[in-house]
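Asks: the following comprises the amino acid sequence and a computationally predicted model.
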Amino acid sequence: MATTANTATAADQAKAATDQAKATADRANQTATKMAEEATRRMEENAERMKEFSSSMVESTKAGSRVAVDNYETAAKSVFEMQRQMAGTSRVEWMKDAAHTQIQFAEDVTNAWVKAARELLK
């Protein structure tokens, strides 16, 4: 009878240990689940912040580039006007015509470049 009582006590202890292990595992799973959910939430928040940062960086870069294009266009117009004035001082007619043709070509290329740049920066 003592052996049966020892066996019953050992079985009860084993069951208690198993129940305790299951409870510990359940708590660990719950903790791991909460940690994973928190990590996922933080990652989503960080992804949203990065998206906003990237968007503002793109807009800032575009704004700076628009200013650069505007300044380039203004400078080019000034250069073309100065070249026209210089060409107008020539006494040789064919030289004036050649200079005006070259200036017009450069102006057309510049205008096309500026238009394309502005389209890209919209």
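Replies: Structure's in. What do you need?
Asks: immediately after whatever helix or strand Gln13 lives in, which helix or strand?
Replies: Element membership of Gln13 [criterion: DSSP states H and E] is helix 2-88. Remark: after helix 2-88, the chain's next helix or strand is helix 93-120, criterion DSSP H and E.
Asks: run the angle between that following helix and helix 2-88 for me.
Replies: Using axes from the mean of the first three to the mean of the last three C-alpha atoms, to 10 degrees, the inter-axis angle of helix 93-120 relative to helix 2-88 is 160 degrees.
Asks: tell me how many other residues surround Thr110.
Replies: 17 (other C-beta atoms under 10 Å). (Glycine included, C-beta is placed from N, CA and C.)
Asks: same question, Thr74
Replies: 10.
Asks: so how far is Phe80 from it?
Replies: Note on Thr74: its distance to Phe80, by C-beta to C-beta, to the nearest Å, is 11 Å.
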